[in-house]
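[1] sharing a model prediction with you, sequence too.
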6 protein chains.
Amino acid sequence: RYGQAELEDQIGMATGLAYTTVGGDTLSIEVSLSPGKGKLILTGKLGDVMKESAQAAFSYIRSRAETLQIDENFHEKNDIHIHVPEGAVPKDGPSAGITMATALVSALTGRPVRKEVGMTGEITLRGRVLPIGGLKEKALSAHRAGLTKIIIPKDNEKDLDDIPASVRKDLTFVLVSHLDEVLKAALVGEKK
Amino acid sequence: RYGQAELEDQIGMATGLAYTTVGGDTLSIEVSLSPGKGKLILTGKLGDVMKESAQAAFSYIRSRAETLQIDENFHEKNDIHIHVPEGAVPKDGPSAGITMATALVSALTGRPVRKEVGMTGEITLRGRVLPIGGLKEKALSAHRAGLTKIIIPKDNEKDLDDIPASVRKDLTFVLVSHLDEVLKAALVGEKK
Amino acid sequence: RYGQAELEDQIGMATGLAYTTVGGDTLSIEVSLSPGKGKLILTGKLGDVMKESAQAAFSYIRSRAETLQIDENFHEKNDIHIHVPEGAVPKDGPSAGITMATALVSALTGRPVRKEVGMTGEITLRGRVLPIGGLKEKALSAHRAGLTKIIIPKDNEKDLDDIPASVRKDLTFVLVSHLDEVLKAALVGEKK
Amino acid sequence: RYGQAELEDQIGMATGLAYTTVGGDTLSIEVSLSPGKGKLILTGKLGDVMKESAQAAFSYIRSRAETLQIDENFHEKNDIHIHVPEGAVPKDGPSAGITMATALVSALTGRPVRKEVGMTGEITLRGRVLPIGGLKEKALSAHRAGLTKIIIPKDNEKDLDDIPASVRKDLTFVLVSHLDEVLKAALVGEKK
Amino acid sequence: RYGQAELEDQIGMATGLAYTTVGGDTLSIEVSLSPGKGKLILTGKLGDVMKESAQAAFSYIRSRAETLQIDENFHEKNDIHIHVPEGAVPKDGPSAGITMATALVSALTGRPVRKEVGMTGEITLRGRVLPIGGLKEKALSAHRAGLTKIIIPKDNEKDLDDIPASVRKDLTFVLVSHLDEVLKAALVGEKK
Amino acid sequence: RYGQAELEDQIGMATGLAYTTVGGDTLSIEVSLSPGKGKLILTGKLGDVMKESAQAAFSYIRSRAETLQIDENFHEKNDIHIHVPEGAVPKDGPSAGITMATALVSALTGRPVRKEVGMTGEITLRGRVLPIGGLKEKALSAHRAGLTKIIIPKDNEKDLDDIPASVRKDLTFVLVSHLDEVLKAALVGEKK
Ligand SMILES: [Ca+2]
Ligand SMILES: [Ca+2]
Ligand SMILES: [Ca+2]
Ligand SMILES: [Ca+2]
Ligand SMILES: [Ca+2]
Ligand SMILES: [Ca+2]
Ligand SMILES: [Ca+2]
Ligand SMILES: [Ca+2]
Ligand SMILES: [Ca+2]
Ligand SMILES: [Ca+2]
Ligand SMILES: [Ca+2]
Ligand SMILES: [Ca+2]
């Protein structure tokens, strides 16, 4: 049942939505911490753009550690590994940016990610959320996977009407322009 | 007699099952530790996907060191080398993930791997086991090598009926969805 | 509304003007600091020339830290990340040099960049500003984005008459030959 | 007379047997130690498989330092250089594994390698010796070079009958399945 | 007016002469120092030969620090950046060697480079000056840029008669075979 | 007069003989030391084989530091730069091995290299000298350059009769099989 919505809220894992040549798909972004020296490890056959997107998410979180209630020195005391399963499938593009950021914040704060949430959006170094492509296909795949709450960039609002009404009625869309709004919608309020 | 089941349980070695263009094959995954500074060395003409799979296995184990009864600081005090013999043969893909994880845990805990066990399955950063391809060919090669207990992903249960009955009757299949179940089935309970 | 002039002055972000095969465009250059050891991280699908341009801007600022009222040791205590959003779009060339320098100085001093300012110009290691191409297209894109004050190299003065009068009348051009003049025109005088 | 058996037992040098498109050849594997920090330097136009083979040999020896009577900390105090002369000739493959291991142990213990010995065999991380190709051509080249004692993998026993009787009668073959047997046959018992 | 002789003597900048497929050109070589750990940064779309030439110049200066009245430890306390502006233009070849050396010595001693001087010549690790190509084109470009004193390798004396008399009469040529002579001719005697 | 025999014995420079598609040539190998941490810098458009040859020479010298009367810790206290001038000309092959070794020993001991000496030969990690190609062309170029004493591998003795008698009579050949003999013939006995 890999590829379906989780049965329980998870710490250090968030669900992204991908748009490929063969349609939409869901994407688990996993984060693990181990005692270390601040190395950022990125695996899962990720392209350069996706790796840079992870770095942008990571730098944003490091620069906002205090506000996000993360130990400021986590970087010095841990190695951080971001992995995207189905290791043989190539993945690229910037649209998993907010998903990687959410999984990172979850791992670093211990706050679980709501199991019904999927998301897509490019993140900038200031936490801004930029628009993405393939919203329709992404929404269809989220629906298939049993997700019910979809976080998307505010600049993609105009694309909502491309989604078939039958699917749209089962989904709640959260329109965001900053990562703060993503985290508010995706994370459970308190440590599990 | 290389390629046949071991005559005794081994520490730091587990047997994987590979699926190549010319059929299935068994794969010894060897792990050795030496005093060092935490370098992970990967050899045996491994492709990028297989190397990333090793990193995922390694990070999972590091993040779960305490539960797995591994000295939390093993990473700082040792270099860890994972080698897959027959060094001239190219190997790739994520399906040796749980085998690499098992060989690592065996080397780090001193618990031997049961000599009759072969296994295949992708591992994620949370220890989840994802499905693999070529189950039939892998089962045939395990049978040829004299293995009797085969650990496979639960999501591959539907492929069991592809295996000829004559082979299937000699093999015990252990269906798993998490590395904990793999280790329980593959490792001898106590230090040798 | 990404790609439009900011609603408020920003710290650590400056707006550049790019010239591509499909016309002019605006470019947000973002800078973030995190506790670190002086690593310069460059992301946003930047070509080699643009990366070298960032290094030149960075070295100039390091060599002039005192004059610019920057803590001389910022380099030892921080990692500095320069990111250019729209991570899937390739960017190259030296003409974002003064924009990267301005964003860096803003981030390091806490002085905001005026929201109405766009700029273009190559920077040298001595802070000199060298001429760029595509001024007309860049001015048109700045105009479309709602910017009103455009900083350009003095050596491009001769190209001003290529800009349509209808656009030109809405824009104020600041001609510069050294980064000091750029910073004077672009940065708000005091810490926000 | 390069390419001929040495006139005296050597420390830190062992003779391998190679199989190329133009027939068999002998190969001197040289090892030198210098005060350093544990860097492993590999030269002689070696391909990736041969370099990985050297790493496997090296890791095996590091993990077994005590048993092999090697100072456990040699790795921290020395740089280790493995060179294969005739630097313009490309070399590759895993079959020099046991030769590199033998030269390393010789250099690290000060025990000389018997001058009449040639050898071929892949080494694994557990010191196992795996079969190789081209035994006939290798035996012929060993014979030409004046070697008299040839160490080969036990799994190649079946290929001995391919060697012409006229050559075979001059050679003593030592069949091995583990590096311990290689070292016993190749090294002089005591420090020179 | 970039590309013209400077209006004042500069510290850390020297003017080279380049020979390209479209004729000769002048080249500003800029050097900046920042507190650091001895990293040598080379930018300006430089080819490998030009980068190696910079390293040769740098090593020569380091090995002669005392004689050149440079703090022997400058290397440990500074990062040194050599940049050649017009960052989008590829540059290569060894003939900027003495220019890079001169700019480095200027930056490290604080002695300005005479504004009327241009130069060309390969430098060796012992400070020798080797001949270069394209002297005629280089002299013409120096003339156009308003330079009046041109330093060239002694071994190029035979090429002086290729330069049109009308140009030659405006230029003073300094023939050199060692960097000492270059520095004597190019640097102002005392700290500015 | 670059390419001609030196007018005086040099410290840290030895003359090699190269064999190219356009005939033989002489090659100056320059070595400089600067305070550092043991980095080996190789420049002069050298191919991989020539770089590995330099490493072999360097390791041999490090392992024999005491015998060669070199401070054992030179490696920790210096960076060592080997440069081969005429930086735009590609160079490769192992035959400059003994020349690089000689230049290194000269630089490290302060003993000058005799100005009348040219040499060619591959060096191994044990200081052995292996045969080279193109002896005739190399001898002719040495003769043209005004060298009178040529050091060659003993295994090339058979090629001496290829050299025209008119040239041969002006040259003294020193046949060597180990670097000790090279150093004895090439270095002046005492520190200059
Ligand atoms: Ca999928
Ligand atoms: Ca729409
Ligand atoms: Ca096999
Ligand atoms: Ca089925
Ligand atoms: Ca845009
Ligand atoms: Ca104009
Ligand atoms: Ca040979
Ligand atoms: Ca047979
Ligand atoms: Ca120019
Ligand atoms: Ca002439
Ligand atoms: Ca020449
Ligand atoms: Ca002959």
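    Right, received. Where do you want to start? Note that the structure is a prediction, hence the values are computed from the model and not measured. Numbers count the residues shown, from 1 in each chain, chains lettered A, B, ... in the order given. Ligands and ions are numbered 1, 2, ... in the order given.

[2] neighbours around A:T67, how many?
    A:T67: 9 surrounding residues under other Cβ atoms under 10 Å in any protein chain shown. Where you see a C-beta, it was placed from the backbone N, CA and C, and this is true even at glycine.

[3] ok, for A:T148, nearest residue in space, not its chain neighbours?
    Leaving aside its sequence neighbours, A:T148 sits nearest to A:E116 (Cβ to Cβ, 6 or more residues apart in numbering or on different chains; 4.6 Å).

[4] residues contacting the one you found?
    Residues near A:E116 by Cβ atoms under 8 Å, 6 or more residues apart in numbering or on different chains: A:A5, A:L147, A:T148, A:K149.

[5] and of those residues, the nearest to D:H178?
    Among the contacts of A:E116, A:A5 lies closest to D:H178 (Cβ to Cβ), at 51.7 Å.

[6] against chain E, how distant is the closest one?
    Distance, A:A5 to chain E, using Cβ to the nearest Cβ, to the nearest Å: 49 Å.

[7] that residue looks like it's in a strand, true?
    No - secondary structure of A:A5 (DSSP: H, G, I helix; E, B strand; the rest coil): coil, not part of a strand.

[8] the nearest residue to it once chain neighbours are set aside in helix, strand or coil?
    Excluding the flanking residues, the one nearest A:A5 by Cβ to Cβ, 6+ apart is A:G146, at 4.0 Å. Secondary structure, three-state DSSP: A:G146 is coil.

[9] what's the closest residue to A:A107 other than its chain neighbours in contact with, if anything?
    Leaving aside its chain neighbours, A:A107 sits nearest to A:G12 (3.6 Å; criterion: Cβ to Cβ, 6+ apart). Counting by Cβ under 8 Å, 6+ apart, A:G12 makes contact with A:E30, A:V31, A:S32, A:L33, A:A103, A:S106, A:A107, B:L125, B:R126.

[10] just the pLDDT for whichever residue of chain A sits closest to ligand 10.
    Residue nearest to ligand 10 within chain A (Cβ to the ion): A:D48, separated by 52.1 Å. A:D48 is assigned 98 on the pLDDT scale.

[11] tell me how far it lies from C:A88.
    According to Cβ to Cβ, to the nearest Å, A:D48 and C:A88 sit 10 Å apart.

[12] which residues do these two both contact?
    Shared contacts of A:D48 and C:A88 (Cβ under 8 Å, 6+ apart): C:K45.

[13] which of these two has more neighbours?
    Higher neighbour count among A:D48 and C:A88: C:A88, with 19 against 11, using other Cβ under 10 Å.

[14] mind checking the longest helix of chain A?
    helix A:48-63 (DSSP state H).

[15] is chain B contacted by the next helix or strand after it?
    Tracing the chain past helix A:48-63, the next element assigned as helix or strand by DSSP states H and E is helix A:74-77. No - using Cβ under 8 Å from any Cβ of the partner chain, helix A:74-77 stays clear of chain B, coming no nearer than 12.3 Å.

[16] continuing past helix A:74-77, what's the next helix or strand?
    That would be, after helix A:74-77 and using DSSP H and E, strand A:78-83.

[17] tell me the strands beside that following strand, with direction?
    Applying DSSP bridges to the sheet, strand A:78-83 is found paired with strand A:23-35 (antiparallel), strand A:40-43 (parallel).

[18] now do it: distance to the chain's middle.
    Taking Cα atoms, centre = their mean, to the nearest Å, one finds the center of strand A:78-83 at 15 Å from the center of the full chain.

[19] can you check stretch A:172-179 too?
    The mean C-alpha position of stretch A:172-179 is separated from the chain mean by 12 Å, Cα atoms, centre = their mean.

[20] least confident secondary structure element in chain A?
    helix A:74-77 (a mean of 82; mean pLDDT, DSSP states H and E).

[21] what lies in contact with that one?
    A:L33, A:P35, A:G36, A:K37, A:G38, A:R62, A:A65, A:D71, A:L108, C:S34, C:P35, C:G36.

[22] show me what contacts the last one?
    Listed by Cβ under 8 Å, 6+ apart, the contact partners of C:G36 are A:H75, C:K77, C:N78, C:D79.

[23] run the last query once more with 10 Å
    A:G38, A:S59, A:R62, A:H75, A:E76, C:H75, C:E76, C:K77, C:N78, C:D79, C:I80, C:H81 (Cβ atoms under 10 Å, 6 or more residues apart in numbering or on different chains).

[24] neighbour count and distance to B:K154 for these - can I get that in a markdown table?
    Below are those laid out as a markdown table (neighbours: other Cβ atoms under 10 Å in any protein chain shown; distance: Cβ to Cβ, whole Å):
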| residue | neighbour count | distance to B:K154 |
| --- | --- | --- |
| A:G38 | 17 | 36 |
| A:S59 | 25 | 38 |
| A:R62 | 23 | 38 |
| A:H75 | 24 | 37 |
| A:E76 | 13 | 39 |
| C:H75 | 24 | 52 |
| C:E76 | 13 | 51 |
| C:K77 | 12 | 50 |
| C:N78 | 20 | 47 |
| C:D79 | 20 | 43 |
| C:I80 | 23 | 47 |
| C:H81 | 26 | 42 |
